[in-house]
Each structure stands twice: as C-alpha cells, then as structure tokens.
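Visitor: need a structure here:
(2 chains)
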Amino acid sequence: MSRLYGDPIEVWTRDGSPVRFVWRDRRYTVRQVLEHWVVAREWWKTSDADPGERRFWRVVASPGGETGTYELRYDTSTDRWLLLRAWD
Amino acid sequence: MSTAPDLSALAGALPGPFPHLHVASAYSLRYGTAFPADLVRRAAEHGADMLALTDRDGLYGAIKHVAACHEAGIGPIVGADLALAGGDREDRVVVLARSDGWPRLCRLVTAAHHVGERGEPRVTPELVGEHSSGLFVLLGPGSDVGRAVALRRDQEARALLDRWRAVAGDAVVIELVDRYGPREASNATRMLALAEAAGVPAVLTNAVRFLDPADHRIGHVLDSARHLLPLHSRHLERSTSHAYLKTGAEMALVARRICGGDAERMARLFAVTRRIARRCVLDPLEVLALRADPPRLHLPEVGCDPVPLLRSRCADGLRERGLERSKQARRRLAEELDVIERKGLSGYFVAVAGITDMIRGMGVRCAIRGSGAGSLVVYLLRIGEVNPLEHGLLMERFLAESRVGLPDIDIDVESARRLDCYRAIRDRYGEAQVACVSMMETYRARSAIRDVGMALGLPPHEVDVIAKAFPHIRARQIRAALSDLPELRQSGLGDRVLETAFRLAERLDGLPRHIALHPCGVLVGNAGLRDRTPVERSLLGFPMSQFDKDDVEEAGLLKLDVLGVRMQSALAYAVAEIERVDGERVDLDAIPHDDAATYEMIREARTIGCFQIESPGQRELVAKLEPRTLHDLIVDISLFRPGPVNSDMVTPYLETRHGWRPPRYPHPSLRPVLEETGGVVVFHEQVLRIIDVMTGKGLSEAERVRRGLSDPESRARMREWFFANLRPEYTREEAEEVWRVLDAFGAFGFCKAHAAAFALPTYQSAWLKRHHTAAFLAGVLTHEPGMYPPRVIVDEARRCGVAVLPLDVNRSDRTWRVERVPPAAGYGAAPPGGRAPLARPGYGLRVPLSAVKGISDAEIDRILAGRPYTSLADFWERARPSRPVAERIVEVGGFDALHGLRPGEPRWRPGRLTRRDLIAQVGALERASSGVAETQLAMGFTERVPPGELPEMTEAEAVEAELEILGLDVSRHVIAFYDELLDELGVTRARDLLRCRNGAEILVAGVKVATQTPAVRSGQRVIFTTLEDSTGPVDLTFFESVQGRCAATVFGSWLLAARGVVRRTGARAVSVRALDCWNLADLDRARREGGIEAARAMIRAPRPAASGGVGGRPIAYPNGYRLSPYADVGPAPGLTRPPRRMWHASGGSSGPTVRPGA
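Guide: Numbering: from 1, shown residues only, chains lettered A, B, ... in the order given. The predicted structure is shown next:
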C-alpha cells in the first residue's frame, strides 16, 4: 500500500540523482534507484518562458535499519523537491 | 547506487559511434520538426558514421537525406515508420531497407498506401513479410509486441513475435527505446529479455522526433494539429522532451538504464545496433541516380530503338515545316540531335511528342512553354509551335552539354481538360509506369496561426479573422509584420494574449504540412518506375510520387510538365462560341501575327482579360512600349519581371525604342547580339551570346557561366573564367564594362524562348478580344484565367459594347453564353466610356445558372433538361430546385422575362406582379409539395399569384441582390448609386483621366477590383490598387509614405475614394499616386446623415501625418536590387466582396436612390 504525501523535502544529489533526503526530520539514505522518469510540464497553461520539466525517482531508501520505497519529484522550474509517495 | 561513470569513457568503450536507426524528420507530417540536412549535420558533429531516416508513412524526405549524407560522408540508411492495420490503437513498426533493398522499400511503401485509406497507409505482418528479403522490421515499444510487453502480457508478446518471425524470418529485430518516460526503462528491459529469450537481435534507438530537447513544444502543437484536438496531456506523447538526436554518450546512458548497468549486455546491444546499421547502408548513387557517371536515367520505353526513330521523325518535320532547304535548320538540327543522342535522351523526345500528339488528338489546346521552345527538335516534332530560328532562340538554354540536370519540357493545356490529359497519359503507359509529381505544402503565416490557434483552443472564427489579416508571408515573419505593417498595427492583434500563439506559429515556419499534387509534373517511366519511387494516391485518385520535383530529378526520373492553363481553356471556349453563334471556324494557330487593329487595342491598354498583359503594371508598360509586332510582345513580357523592373532595364530600353537616345553597346562587337533590344540585355539568350562572342568558347559553356551568375558563391568563379578565356581583341576595361552588365542583369534576364512561348497566347487572346469580343469575354468569364473578379470583366464587356443580359431560366446556360441581340439592347449596349466600342454591335453575354450562389450541378442539370418553362410553378415542379436556390433565381430576375416583370423600370406600376410576389409563391409551392395535410393545396391554387400583393424591389435592392447572389452588378453598375455623391465631391471619372494634366491633384472613386504588392525598384512595399468606376479602371499607387494612414482603409474597404496626383505614364496611360483615401461607404453615410458638407469635411479633415510607414529591412541583392520583405507576396485578402448589407448601415434606410437618368 502506498500513501500520498506531497511534502517538501531537502535532497542531496550526485550527478542529478538523489542520494540522501530529509523527510519529517528523519534522514534517509538512498540504497537503490528503482525507476527514474521525466515528464514535461503542460507548458501551454503557463506563461513562463521555460516551464521546465518534472523528474521522478522511485527509490529504495532507509532512515536507519528498515527500508522502504519512496517516490521523489524534482521540479526544474522551481528547483524544489517533494516527497510524493511512500510504500510501507 | 553506483556513481555515474565518465560519459565519454562509457561511449569510448563502445564499438564505434552510435548509429540512430529510428529518426523522424519534418517530412513526418505534423510530427517531426527537423529537416534531414540538419539531422545529418548534427549526426556528423556527434561523429556518427551512419544515420537513418525513417519518416512516418512515407519516403518524402529520403532523397534529401541520402543527398545530405552523401555530401557529409555519412552512410545513408532509409526506412519508414508505418502503422499496422487492425485494432483501434495505432501500433507502428519501423522498416529499414537493407543495402540492396531500396526497390523493396519503395514497393512496400506504395503497397501500404494502396491498402489503407488515402493518406493513411497501413501494413500487416504478411505485407511486410512479402518484402522482407530487402528489409529489416524493427518491433519497438509502439509495435503490437511492445504494447503487449508494456501490459505485462508476456505470453501474448511472445506469440505476436512468433507471428512476425513466421512471415518475416530473420528480418525481425526488436527495438529498445527509453526516452525517460514513466516505465519506459523497465519495459525496454523486458523487451530485451524477450529478444534474448527468443534469439532475436535487439537494437537501441531513440525514436527521434527533434533536433534539440526544446523542440518538443512544437512537437506538442503538431500532435494537436494532427489529432485536430486542443492541447491536452491526454493526447500527447509523454516523453517527448528526450526524443531528440542524442549523442553516443547520452545513448550509452540510456543503454545503461535498460541493461541495468550490465556492461557486457550494453556492449552487445551497441554491437548489434551497429551490425544491423551496417547492413542497411545504401549506395548513395543507387538512389541519387543523376549523380552517377553516367547518370542512370530512367526513360520511358518507346517500343524500338529510339535513336533512328527520332532522326526520321525530325527529317519528316523538316519537310512538313518547309525547312528542308534551309541550311541553317539542317545544321541546327544536326547539332541538337548530337547533344540529345550523347545524353541518351532520344526516347524522351519521342515519348513527349507522342503525348502532345495524343493531347491534340483529343481536341485539347496545347502549347509549349519555357526554355523548350528554344529547341528546333521540339518544333519539328510539333511539340511546340514556336520556330526557334525565327526568333533567334537557343537550344543551349534548354539542353546543353554543360547542363547536368535533365531537360524540362513544359506543356500548357486547357485547365479544364488537364485531368483528361493525365488520364490519357496514364491509360497509354499503364498505371504502373506513370505517376504525378507531388509537392509539400509548408506552414506559412496563415496556416501556422490556424493550427496554433486550434491547439490553444482559441475560438475558430476568431482564429480565421486573425489568420486572414496577414498577407501571404512566411510564418517566421508574423511578429515582425505586426510591427512593420500599418494595417496590422491598427488591427489590435498586438495584444499580449496572442503573443504566445504568434511565437509558436513562428516556430512552425516552413515545416511540411501536407502533401499535394504538383500542378503539372508527370513522371513517365518504364516498368521499373515503382522500384525507384514510392507512389501514393492523390486526392483525385491519380498515382502520385512521394518525391517533389527536385527529388524526381535527383532520382533520374524524367518528368514532363503538363500545366493546366485557364487561358487555354478560355481561348478554346471562345473559339467554340464563335462557331456556335456565328458559324465561323477560327484556327488560332493560323491567324496572322501582324493584325494592326489588335496592336492598336493593346497600345490603348484596353487589355483587361488578355493573357499576361492585363495587370495595372502591364497596362502601363504596354502603353509606354507601344507594341507593334510579336517581337515587341516578347520584349514586353520579358521586361515585366521583378528583375528587369528593379534593375531599371525598362527606362533605357524605352528611351532607345522611341528614339530619345541612341542605343549604347558595351562593345561594338556586341551590336548584333543587342540590337534587338536597343543595347539593353533583356534575354538569357543574349547573355549566352555575349559570353560566346567574347570568349569563343561556345554556347554550351556560356550557359554554364550564365547559370553560375545567379549564385553569389559561384559568381566569382565565373568571373575568373570569363577573364581567363577572354579573346585578345578585348581590353581589360572593355571586359570589365561588359562583366558589370552581365553581373547586374544576367541573373535577372528572362529566357526569350519562354517569353516567345508566352507571347503567342498573349497575342491570340488580344486578337480574339479585338475581333470576337463577346465570345472571348464569355471564355474569360467561364474559365476565369486572370486576376480580376468577374464583375470587372462584365464591366469591360459593357465598355466594349457587349450587352450584359440578365439571368433567365429559359435562356441561361450552365456557363456564360454569347447571344445575338438587337443592337442597343440591354444595359451597356451603349458604352458609358468615352472610347469607341470594340465589339461588333449586336452581341450580348448571358449570365449563367452556375453564377447563382449555392446552386448544385444536379440542379443545373435538371433546369437545363426541363426547359422551356411556362411559369414559376412549372419550374418548381419539373426542375425541383431547392427553395433557397429558387428564391435566389427569382430575386435576381431569372423569371422577369417569363412573368413580364420590370422591377425598377418606369413601366412597372403598383398592382402588377412583382419579384416579391414570386418569392412568396416559392414558399407556397414548397409547403404544397412538402405534403403536409393541412397545407396541401391544389397545384392550380399555387399557380395563381395575386399580383402586386407585395411591393417590387427597388433598383438598389435589385443590385444588392445581384451582388449578393451572383457576385455581379448586372442591372446597373453599383457605383451608379453614388453618382450624386461623386459629382458633389467633384470626383474625376476614369474616362476623363486622360484629359488631366500631369501633376494635377484629383479625387477618384470606385469599386476596388485588384490589390497587389509587387516587387518594385525602390525596395518599398508599394500597394497597387485598381478601382473601377463604370467608365474604366483607375490605377492607384500607395507608396510607403502614405500607408501609415491609408493601408488599413485600402485593405479594409470595398468601395474606395482617394485623393492623388495624376501621373502620365505614356501617351495613353495615366495612373494616380495616392495621397489619402477613404471608404466610400463612410463618405456616403456622412452625406446622408449630415449633408454633403459632412462628407466634404471628412475629406478635408486634417489627418495624422504619415507617421510610421512600413517597417522591415529590404532584402538587398549584390547588384543593388532591393526588395521589401512584404513585396511580391499575396496581400491579405482584405475586403474583396461587397459587405452583405451594403446600404443598411444607418437604421431603416433603403439606401441611396438612383437619380433620374443616371
């Protein structure tokens, strides 16, 4: 079962890929990238010159002993990260 | 997670550069955005040694791709991205031609188009299998196999793959694509596993759509235009931002995602991709047959050895043309045959002659055009009727040893019979050996605005208005035009909300939009034609090559241009009318070319309706040039081109012609060459002769130099060649002088052979107008060959003394017919103009049924079959017209004669039957015949019309109805309703212009009948507008200095008044340089509301100084010729038809009334 969150998070990256992030005051280390994909924004709905794209990562990460699967999203136009979903 | 390795190290470990095998160019219509040459250039920058082009649905870009690869030294690979038949999803596969598979690919694409609906080719695995010996078929994520994999239906995927392998064997290849969309990487991984399990090779592609990542937004607009749906993420490809031509290193990253970092698998994937690519590299010269040495021409079969056949046909021709004893002709023939035979083209000439014979045998008028008229062989074979020896025409301009390309023979046939000619050619050679040439329609400003507007969901009618506001400019000029052109600056289109739309529209500039039948090109080949070009069906069902005219030449396919020319139809129609009405048979090809009356008419510039010489500019030029011979017409046609006009060749020529200054020759030895044009270089043929005289290197070499003059790059080389080969008797200074002339005019001169071929129908049309005016104008009205709307031709008929007869259900035919009438019958029999009537008295033109708005062919058929009619009820019952059509026919007087109606005339009195009574009767008849029980009336009842129940239409209403329904003012000239206003304002009429002194400031007014913005010498955009005021045309010129205040009015008005300065341009020609202008309807309204003083005040009112004219930098040519970016493009249509309600602007007014006796 996955839950939707959409919380802003702080992320450390290497070569553009997330390696560590902090969510709800806990630090997560990325163990494995399961999937990474990119979605272009619906640029025709905005007046921005560059509406940018959204980059998604589905990762296995652990805040210590137990591991879980998390979906992270990076928005290139706002330079912000969100934690979208988490699987138990 | 491993760290990203150094990308270049990753790529370096791979077995050679990455070859892209799945690439869509802009020739994937409304899908791709990059042109083949740009893709090849980018691939070369990436270090690629092979590149494929696999456009959707066809090979439209294949020749350009192979040519670009050949020039860049890259191995060309060609394929096609084709849709699979069946299912509601659009599954697609990519087929690639193997190195020897080009003919198979052509045939598969042809077959795919044959199977599917027009424009929607489809293949089945079986169809691909039939051609698989020459192909590979890539099954990627968009294929049936790929979809099954994405749905995790592994069993089904395996079964589908097995089906492909059963029909296509080892041609089957799995294609892996990951463009970073959701789940794409994992799907590709599963595809790879499937391939490995099944033992099928797998290749990596990027399913390329774009050159750069940012282009994906244009891709979205194209997706939306293709699906005819506004932009919404539902209809768009998800992962397009990565669908660009990636570098090898970027592709290595993709491979690593798919292979899960397994280096060995990655290396294998790259190796297989390269291996498949290598097996698909084509020999460029196999495709670009013309570049092979000798060119691999593809000629029609003529049944026997064509060389002796052509020789004997030419010998016969010499006898038939009476040239047997001419030494000059024999020598010329020998030279021409020599070149033709060395180029292996004998069969082409025999085939073309067979086709022109066949066309003439069908009774279709047929004339040669273009440089082919310079060949004696063409004349002897009766392909053309112009004798090149008589006019000093050269074959080298058409066919020379030095010319690499193929000769073009262009044939003009009657436009109305063009398709009959195509059918006859197809039937003679067989469907498989004939194809029409296609052409790509590309996005220009208007079409780009339409598609972007639709994508953004703007209201369709607004999009239409916006698109039509623009002239026919390129899409990339949209925003520049908005600020440059005064009529657009005032339009409010500069609004911010449209900014995005315009920005996107500009990006569509020049992209192919749809394929269309080329207006004239026909390929005539042999049984192997379809090995060399893919063929699809055109809109009219003709087989159509997917190659454009440049591509077919590159492919070594010979084409014949069969152009439908409306004037040829008009001429044929006129000749038939003369025979029908007068019983006189006219042979246009036999009329003498020295008829004084014809040239007299041309010199008076009464040339409206004539071929080539009817435009305002040409009327001015013929009046100045005063042609007296066919040669004069040849010069006239050659001079009336942007080049000569801009280089000011016209003035020196006219000065010499009229003896105002002696002819000047760049060198005395050139006198024989330039004497015919008073020392001015007008013709290409003269350029050839000058170079030949001064170098002695022959005309063939001279032709090579002439062609080199048009290209700035080669011009320097040509100059070097010229000076290196100069004969010793010329000094350096003399040669410099001559070169300056050649350099300036050479590239802009006109091919005399072409002008000579054009002068013939020009003369024929003028001769017919002079001697058979009514029949000629009937032809012009029926086939509309010229630039003017029908009402201008109708008015010209009146001025020539031809009566214009109203619509009459018992007399009007399908098309315009000549009728004998008692002299002085009908309005217009006595010409209102000051000039003598041209026409013999006693002829009239009958308005045809086809002029009635909304009438169908079937209705016309029934009306004609049922004649004569005894009453409206009889007509209703037997002709069975639709109600609106019946009402319209009544409204414009189609029953006046039958029921004795005389609307508006003094003989009509209240109490008599009226058109309005009849319209009411149409309603009653319809109710009666619709069979509704309570309104079922006996026919006898509806026959009886209570007369005078409703009042008759006024003259104004009648003319308004005529304009609305027929597009013509038949009963009276529309300007007649403004006579009082024009007189009170002191407007000068067209017929009085000749009496005005040069420089006088006058007012003119009339109906706007033509607006052009041709290229002119100054580099300005000058608006030429022709008004017509019932006494003749008034030609107005709006220079840029006044366009700031005038442009919007000029384009936006149908009735126009203007103040301007008289310019006498010739003994009998006058034009007016406009200073200001007004919508005549506005002046009329002012007068009706506030009296004539109000109208005068409008004219006197100080107007803003002409600030802000036309912007945009002129395009400068090396010889000083400057061209406005807005010249020489079709202007915005503006208002070219009368507004729907002309006189009802001020509430309730029934409009101006006609003065008694007007």
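Visitor: and the residue nearest to the spatial centre of chain A, what does it touch?
Guide: Compute the mean C-alpha point of chain A, and by CA atoms, centre = their mean the closest residue is residue A:72, 1.6 Å away. By CB atoms under 8 Å, 6 or more residues apart in numbering or on different chains, the contact list for residue A:72 reads A:9, A:11, A:18, A:21, A:56, A:57, A:59, A:81, A:82, A:83, A:84. Every residue, glycine included, has its C-beta placed from N, CA and C.
Visitor: now stretch B:1011-1024: how far from the chain's centre is it?
Guide: Mean-position distance between stretch B:1011-1024 and its chain equals 20 Å (CA atoms, centre = their mean, to the nearest Å).
Visitor: equivalent analysis for stretch B:392-402, please.
Guide: The mean C-alpha position of stretch B:392-402 is separated from the chain mean by 28 Å, CA atoms, centre = their mean.
Visitor: end to end, how far does it reach?
Guide: This stretch, stretch B:392-402, spans 20 Å end to end (CA to CA, to the nearest Å).
Visitor: what are the buried residues along the strand ranked longest in chain A?
Guide: If you go by DSSP state E, chain A has its longest strand at strand A:26-40. In terms of neighbour count (16 or more other CB atoms under 10 Å in any protein chain shown), strand A:26-40 has its buried residues at A:28, A:29, A:30, A:33, A:35, A:36, A:37, A:38, A:39, A:40.
Visitor: by contact count, what packs against it?
Guide: The helices and strands touching strand A:26-40, judged by 3 or more CB pairs under 8 Å, 6 or more residues apart in numbering or on different chains; DSSP states H and E, are strand A:17-23, strand A:53-62, helix B:184-198.
Visitor: mind listing what that strand pairs with, with the direction of each?
Guide: strand A:17-23 (antiparallel), strand A:53-62 (antiparallel) (DSSP bridges).
Visitor: let me have the helices and strands packed on strand A:26-40 in TSV, adding mean pLDDT as columns.
Guide: Shown next, in TSV, are the helices and strands packed on strand A:26-40 (pLDDT from 0 to 100):
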stretch	mean pLDDT
strand A:17-23	93
strand A:53-62	92
helix B:184-198	96
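Visitor: related to what we said a few turns ago, does the residue nearest to the centre of chain A lie in a helix or a strand, and which?
Guide: For residue A:72, the host element (DSSP states H and E) is strand A:68-75.
Visitor: check residue B:230 too.
Guide: Here residue B:230, judged by DSSP H and E, is contained in no helix and no strand.
Visitor: just residue B:719 next, same as before
Guide: Counting by DSSP H and E, residue B:719 is part of helix B:712-724.
Visitor: quick one: which of the strands paired with strand A:26-40 is nearest residue B:1070?
Guide: strand A:53-62 (65.1 Å; CB to CB).
Visitor: buried set for that closest one?
Guide: Going by 16+ other CB under 10 Å, strand A:53-62 has these buried residues: A:53, A:54, A:55, A:56, A:57, A:58, A:59, A:60, A:61.
Visitor: between these, which sits nearest chain B?
Guide: Set against chain B, the nearest of these by CB to the nearest CB is residue A:53 (5.7 Å).
Visitor: for the closest one, list the residues it contacts.
Guide: Per CB under 8 Å, 6+ apart, neighbours of residue A:53: A:38, A:39, A:40, A:41, A:76, B:241.
Visitor: need these in a markdown table with distance to residue B:342 and pLDDT, can you?
Guide: Shown next, in a markdown table, are the contacts of residue A:53 (distance: CB to CB, whole Å; pLDDT from 0 to 100):
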| residue | distance to residue B:342 | pLDDT |
| --- | --- | --- |
| A:38 | 61 | 90 |
| A:39 | 63 | 87 |
| A:40 | 59 | 81 |
| A:41 | 63 | 79 |
| A:76 | 64 | 87 |
| B:241 | 56 | 85 |
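Visitor: please list the residues of the stretch 101-250 of chain B that sit near chain A.
Guide: Counting by CB under 8 Å from any CB of the partner chain, the stretch 101-250 of chain B comes close to chain A at B:180-186, B:216-217, B:220, B:231, B:233, B:238-242.
Visitor: tell me the buried residues within those.
Guide: B:180-182, B:184-186, B:216-217, B:220, B:231, B:238-242.
Visitor: could you single out the nearest of those to residue B:34?
Guide: Residue B:34 has its nearest neighbour among those in residue B:216, at 11.8 Å by CB to CB.
Visitor: so the closest one touches residue B:222, yeah?
Guide: No. Counting by CB atoms under 8 Å, residue B:216 stays clear of residue B:222, with 10.1 Å between them.
Visitor: domain assignment for chain B?
Guide: Chain B breaks down by automatic domain parsing into domains covering B:7-287, B:306-437+B:517-567, B:444-510, B:662-747, B:853-972, B:974-1123.
Visitor: what's the least confident stretch among these?
Guide: Of all the domains of chain B, the minimum mean pLDDT falls on domain B:853-972 (a mean of 83).
Visitor: and that one, how far apart are its ends?
Guide: Domain B:853-972 has an end-to-end distance of 19 Å (CA to CA).
Visitor: what residues does chain B put near chain A?
Guide: B:1, B:3-4, B:180-186, B:216-217, B:220, B:231, B:233, B:238-242, B:257, B:455-456, B:500.
Visitor: ok, back up a step: which other residues reach the helix holding residue B:719?
Guide: Contacts for helix B:712-724 (CB under 8 Å, 6+ apart): B:691, B:694, B:695, B:705, B:708, B:709, B:732, B:735, B:739, B:742, B:743, B:1118.
Visitor: ok, stretch B:205-216 next?
Guide: A:40, B:20-24, B:28, B:31-34, B:38-39, B:42, B:94, B:138, B:140-142, B:175-177, B:179, B:218-219, B:240-246, B:251, B:254, B:273.
Visitor: ok so, going back, farthest-separated two in the buried residues of strand A:26-40?
Guide: Greatest spatial distance in the buried residues of strand A:26-40: A:29 and A:40, 30.0 Å, computed using CB to CB.
Visitor: mind checking the SS state of residue B:693?
Guide: helix (DSSP: H, G, I helix; E, B strand; the rest coil).
Visitor: show me what the closest residue to the residue nearest to the centre of chain A other than its chain neighbours bridges to in the sheet.
Guide: Closest residue to residue A:72 apart from its sequence neighbours, by CB to CB, 6 or more residues apart in numbering or on different chains: residue A:57 at 4.7 Å. In this structure, residue A:57 bridges to residue A:36, residue A:72 when assessed by DSSP bridges.
Visitor: and residue A:57, how close does it get to residue B:519?
Guide: In this view, residue A:57 and residue B:519 are 56 Å apart by CB to CB, to the nearest Å.
Visitor: could you do residue A:86 as well?
Guide: The value you get for residue A:86 to residue B:519, if CB to CB is used, is 65 Å.
Visitor: more neighbours: the two, which one.
Guide: Per other CB atoms under 10 Å in any protein chain shown, whichever of residue A:86 and residue B:519 has more neighbours is residue A:86, with 17 against 14.
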